[in-house]
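Trainee: Provided below for reference: sequence and predicted model.
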2 protein chains.
Amino acid sequence: MKIALAQINPIVGDVSGNARKILEYARLAKEKNADLVVFPEMCVTGYPPLDLLDNPVFVDASVTAVNWIAEQGPDGIGVLIGAPVRNPDASGKKLLNAAILLENGREIHQMHKTLLPTYDVFDESRYFSPASEVNIFDFRDHRLGVSVCEDMWNWEGFSDDQRYAENPLDSLANAGADVFINISASPFSEGKHALRTRLVETICARYQLPFVLVNQVGANTEVLFDGDSRVHAPDGSLLRCAPSFEEALLVWDTSDPEVFDPSDHDPIEDLNKALVMGIRDYVQKTGIFEKALVGLSGGIDSAVTCALAVEALGSERVIGVTMPSSISSTGSVEDSRRLAENLGIEFHHISIESAVDAYSEMLEPLFSGTPRGIAEENIQARSRGLTLMAISNKFGHLLLTTGNKSELSMGYATLYGDMSGGLAVLSDVFKTQVYRLAETINLRAGRSVIPQDTISKPPSAELSENQRDDDSLPPYSILDDILKRYIERREDLLSIVDSTGYEDELVTGVLQTVDQSEYKRRQAPPGLRVSGKAFGMGRRLPIVMKFDRQDVNQLMMDAPALPAS
Amino acid sequence: MKIALAQINPIVGDVSGNARKILEYARLAKEKNADLVVFPEMCVTGYPPLDLLDNPVFVDASVTAVNWIAEQGPDGIGVLIGAPVRNPDASGKKLLNAAILLENGREIHQMHKTLLPTYDVFDESRYFSPASEVNIFDFRDHRLGVSVCEDMWNWEGFSDDQRYAENPLDSLANAGADVFINISASPFSEGKHALRTRLVETICARYQLPFVLVNQVGANTEVLFDGDSRVHAPDGSLLRCAPSFEEALLVWDTSDPEVFDPSDHDPIEDLNKALVMGIRDYVQKTGIFEKALVGLSGGIDSAVTCALAVEALGSERVIGVTMPSSISSTGSVEDSRRLAENLGIEFHHISIESAVDAYSEMLEPLFSGTPRGIAEENIQARSRGLTLMAISNKFGHLLLTTGNKSELSMGYATLYGDMSGGLAVLSDVFKTQVYRLAETINLRAGRSVIPQDTISKPPSAELSENQRDDDSLPPYSILDDILKRYIERREDLLSIVDSTGYEDELVTGVLQTVDQSEYKRRQAPPGLRVSGKAFGMGRRLPIVMKFDRQDVNQLMMDAPALPAS
C-alpha cells in the first residue's frame, strides 16, 4: 500500500480555504498513485482554533467542509483528515477531536482522540470529550491503527513523567493494528525533531510496528508547527522525513524498506527557520500588511529582527526607522543605517527630540524638582513607539517588536514603548541566542550583514547617558542560565542555587523581578513560541499575587515538618 | 451543631498571609462556640492560583501552611479548608483540589473535587486530576457531605445543558450525608445571586437536605468573587446569607429553622459594588500604588471610572487629568473640571497640543500629501496615554483605563493610547450599562456628581472635528444588543437577525468588526469581569484567523446536505 503524507499549512478558522487545500493535496496524492493520503490533526479548522470551537456555527461550517471534501475528493484513494465532530453523548464536552477516513464520496471510518493535552499552550479539555473507545480499521491490505497527536505521547517506556494512565497505542496494537498512523498538530520547540525521533523509536521498539506521523506545518498566531512528518520502520529506523517549516507531500510504499539518511538539525538553523516562518505566516495569513516596520536602535535585537523580516518577506517589504534622541550615540544611527544598506531596505531617520522636549515642557509643572528617572526614560521609548505606530497606522505596515526573552523576563522594556507592535519576533529567544542568530546570519551571508559594531558593543537601552544593560541586569550568560532554569525547566530558588553556585541573593532578585513583571507581559504582543515554555498563552500567571518565599520559611519554623513529597 | 461560614478574601499566592487570616477567622468562630468553621475552596492559595500550581515549591509552601494551620488552630473546633494536595497516583495531573478537615492539631479527613471546570476563566484540568472516590464523614452529630465548588454544578434537574456525566452530590446523598457543605470559589456575574439560589433550591428539593455554601469573596486580577455564602433548609428556603462583596463570618445552628429575609439584589447596585471591590482589591493586594490616575475626557466612561475609583479609594487617593488638544470642545475640559470638583479630587490640566505639533513636524517628510486620518487621530490618543503613563511612572500611581465593553468589542479604542493602564474598570460593562451606573451614582449622591452635560451629550472620541461615536458605530442600544447576543450568549449571524429583525448587513458588520479587533484586545490591560463572558482570560480567540461565513455558504451550495445536529 502506498501512503501519502500531506504536511500542509492550514489557516485557523478558514474551513473553506483549508478544504480546498486538502482537496488539492488529495488530488496530487492520487496522481502519485497513493492508496491513502494522510493529513494533520484538525486540518479542516487549522490548529489551534481555540474558542472558535465554542461557536456552533463554526462547527457546522467545519462539518460542511468535511462533507464537501468527501464529495469532491478523487475516487479510489482514502483521505484521512482531522476535524471536530459533535459528541453524541448528552453530557460532557460537546465535541470530539476526530480522525475521519473518507473514500469514494463518503465517510468510511471515524476515530477519536483519547488523550487531551491540557497544559502549556494546549486547552483541549476545554472543548473535547475523550474517545469512548479505540479501534482499528481494515483498509486495503493493512489494519490501520490511527491515533491523534497526544495519543502517542503517553511517554510509557520513554520517561517517568507519565501524564496519562491510558495508552491508546496499546489498545490499537492489542486490536491487531499492523501500522500506526498518527495525525498531529505538534508544535516546534528547540530539539523537537530529535525528541520525536527518540519517542517513535521507543514506540517501534515496544510494538514492532511501522509508524507514520503526519504533522501540521506553519505558524498560527504564536504557536509554530515544524511539520517534521515521518515514517519509521518496525525496528525504529527512519524511512522518510519531510523537511521542517514548509509544506510537503511524501509518498511511502509500505513494502519499501529503504532507509532515509536524515540531515542534521542544527538548533540555531532551526530557530532561524522557525522565526522566518512565524513572520511570513503572520503577514500572509492575516493578509492585511504589505510591509513590515522595524525600529532600529543600532543594537543586536532590532538588527536580527530586521534581518529575519527580510528573509521572510524580501528586502522590498521591510522598512527600518532610526529615531535618535539627544542621548543616542552616533554609533546607533550609523549602525542602523549600515544595517539597512546591507539589507537593501527602505530606511528613515526621524529624531524624537522635539517630541521629548514637548513632553518635558508639558510635564514641567508636575515634575519640577523631581530627579530624572524611569519616567523620563520611558518618555523616550514611548515617543519612538508612538512614531512607529503612526507610520504603521498611516501606511498599514506591520510593526515588529524586537525585545528578547531575557528583557521580557525581567521587565527590562517599556510598555507602549519598545513593546509596541503586532508581533514579537524574539520574545522567546534569550539574548545569548540572539548573538548566535546574528553570527549565523552573517556566516550564511558570507559578510557582516549585521554590522560587527552592533555585535561587539555592550548592550544598552540608551535611555539615559552612558547606560548599559549590565548596570541593571546580571551578565546575560548568567541571567539566561537562571531564566532558563526558572521559566523553562521550572526549577526554583534552592535548586538553582544548588546546581549553579550563584549567590542566593542574585537568584532571588532575578526570580522576584520575573514575577513582578507579569503585568507588562500581559499587555505584550503575541510572540513566536520556539521554546518549551514561552510567555503568552502557554504561561498563565496572576498579576495580582504575593508569593514570598521568605515568609513561608518563617511559617515553616513554626510548623511541623513537611511530609516528603 | 454550630457551623460557621468564613467568607474570606485571600490574596493569590500569599499562602502565609492567607494562613494567618484563616487562623484569625477560626479563632473568631471558636469564640462564637462554633463546632465547625468552613472556608472557601483553595483558600490557602487564593483562587485562581493559575500556573503557580506548576511550581512544586509553591505547592510545598501551601502544604506547609496547611500543617501550620492545623498546629496553630484552636482546639475543639473543626476547620474545613481548601488547598491543593499531591495526587498519589503515578499518572495523571500531579495535584488534587482538596477540602481538608483539621481538628485538634491534625488532619482528620480529606475530600477531593470531582468536577473540574475547564471553560471560560476556569482551567482546572490543566492542574488537577478528578477525585477517585467521593465519601462522607461523621463529625459531631452529623454526617457531612462535603463537595468542592463545581461538584454542585452538574445542573442535573436544573438545566438541559449538563456538562458532566457524574453528579457527586448523588454519591454523597447515597452514602448517607445529612448535610451538604460546599466550599467554593465561584465568580460573580450579573444575576449570580439569584442563579445560586435557584440552583440550591433545586438541589434541596431533590435530596431534602440542608445546604451550606461558603464562597470566596474579593477580586483576584480580573476575576471577581462576590461571596454570597449561604445556608438553605432541606425545603430549599434560605436560612442565612452573607453580604456580597465583603468578608463575613456567619454562624448557623443546624437545629435553627429561622428563615432569613433576603434583601434584593439590584443588578446595577451589584455591578457598582463589584467594580468598586475590583479597584480596591487591585490596589490593596498589589500594595504598590498610593493613588489612582484617570484621564478625564469629559465623557461618561471616564467620569464613571473616576467616581468608582473615589468610592473604592477615597477622594484623596484619586487624580484626574484633562488633556485637551485643539480639537477638544471647551465642554470636555469644563465637564472634567466640574467632575473633579464634585468628587473633591486632585485635578490637572495638561494641553497635548505641543506634543501633537511635534509629531506633525517629525512625520511631515513621510506623511506629506496624505489625507488626515486614523494615524493623526491615534497620535492624539497616544500623546494622552504617554502623558498619563509619565505621571504614573513618576509618582507610582495606578493608571485606570476607562474604555467600555462596547468600544472594546468594536476595537473603537487606541492601542497604547486610551487603552493604556494597569486595570480596565469598565471593559466588561456595555455603554448602555455605563449610563445606568452614572444615574445610580448621581441618585445615591442626591446630586449630579457626574455632570448632567456629561450624561446628556452625544458620545464622542473627540479625535477629529465634530466626530460622534454614531458616525462609526450603530446606536449603542442596538449595538449592545447585538454584542450581548454574539459575545455573551454565543448566538451567531442568522439567529441574531432572526430574533431581532436587524439588517443582515448591520449584524454581519458588527460580528466581523468584533472578530477583527482581537489583536487590540490581546494587548489590553486586565479588566474586571462582571458578565458571564468577559474579554481576557475567559475568552481565547486566535488573532491570525479567517472565518468567512459567506465563503462557507458557497461550499454548502456544492456540498451534500448537513446532517441534523
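Mentor: That came through, no problem. On a predicted model such as this, the values are computed, not experimentally measured, just so you know.

Trainee: Could you give the average pLDDT over the longest helix along chain A?
Mentor: Taking DSSP state H as the criterion, chain A has its longest helix at helix A:374-395. What helix A:374-395 shows for mean pLDDT is 97.

Trainee: Return that helix as CSV; C-alpha atoms alone will do.
Mentor: Presented in CSV, the C-alpha positions along helix A:374-395 are these (Å, rounded to 0.1, in the frame of the first residue of the first chain):
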residue,chain,number,x,y,z
ILE,A,374,12.4,56.0,34.7
ALA,A,375,9.5,58.3,33.8
GLU,A,376,11.9,60.4,31.5
GLU,A,377,13.5,57.2,30.1
ASN,A,378,10.1,55.8,29.2
ILE,A,379,9.0,59.1,27.5
GLN,A,380,11.8,58.5,25.0
ALA,A,381,10.9,54.8,24.4
ARG,A,382,7.2,55.7,24.1
SER,A,383,7.9,58.6,21.7
ARG,A,384,9.6,56.1,19.5
GLY,A,385,6.7,53.6,19.9
LEU,A,386,4.2,56.4,19.0
THR,A,387,6.2,57.4,16.0
LEU,A,388,6.4,53.8,14.7
MET,A,389,2.7,53.2,15.3
ALA,A,390,1.8,56.5,13.5
ILE,A,391,3.7,55.2,10.4
SER,A,392,2.1,51.8,10.9
ASN,A,393,-1.4,53.3,11.0
LYS,A,394,-0.7,55.7,8.1
PHE,A,395,0.6,53.1,5.6
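
Trainee: Show me what it packs onto, helices and strands only.
Mentor: Using 3 or more Cβ pairs under 8 Å, 6 or more residues apart in numbering or on different chains; DSSP states H and E, the elements in contact with helix A:374-395 are strand A:292-296, strand A:318-322, helix A:353-367, strand A:398-401, helix B:353-367, helix B:374-395. To be clear about C-beta, it is placed using only N, CA and C from the backbone, and glycine gets the same treatment.

Trainee: Determine which stretch of those is the most buried.
Mentor: Compared across the helices and strands packed on helix A:374-395, strand A:292-296 shows the largest average neighbour count, a mean of 28 (mean count of other Cβ atoms under 10 Å in any protein chain shown).

Trainee: and the helix or strand following that one, what does it pack onto?
Mentor: Reading on from strand A:292-296 to the C-terminus, the next helix or strand found by DSSP states H and E is helix A:300-313. Applying 3+ Cβ pairs under 8 Å, 6+ apart, one finds that helix A:300-313 contacts helix A:267-286, strand A:292-296, strand A:318-322, helix A:330-343, strand A:398-401, helix A:431-445, helix A:452-456.

Trainee: Please see if the third one touches chain B.
Mentor: Meaning strand A:318-322. No - shown here: strand A:318-322 not in contact with chain B (Cβ under 8 Å from any Cβ of the partner chain), separated by at least 9.2 Å.

Trainee: highest average neighbour count across the helices and strands packed on helix A:300-313?
Mentor: strand A:292-296 (a mean of 28).

Trainee: Which residues does that strand contact?
Mentor: A:279, A:283, A:302-303, A:305-306, A:309, A:312-313, A:317-323, A:336, A:339-340, A:347, A:384-385, A:388, A:391-392, A:397-400, A:402, A:418 (Cβ atoms under 8 Å, 6 or more residues apart in numbering or on different chains).

Trainee: That strand to helix A:374-395, inter-axis angle?
Mentor: Relative orientation of strand A:292-296 versus helix A:374-395 (axes from the mean of the first three to the mean of the last three Cα atoms, to 10 degrees): 150 degrees.

Trainee: what's the spacing between strand A:292-296 and its chain's center?
Mentor: 21 Å (Cα atoms, centre = their mean, to the nearest Å).

Trainee: and it, what's its mean pLDDT?
Mentor: Per-residue scores along strand A:292-296 average to 98.

Trainee: Would you mind measuring from the closest residue to A:D504 other than its chain neighbours to chain B?
Mentor: Leaving aside its sequence neighbours, A:D504 sits nearest to A:V497 (Cβ to Cβ, 6 or more residues apart in numbering or on different chains; 5.4 Å). For A:V497, the distance to chain B equals 12 Å [Cβ to the nearest Cβ, to the nearest Å].
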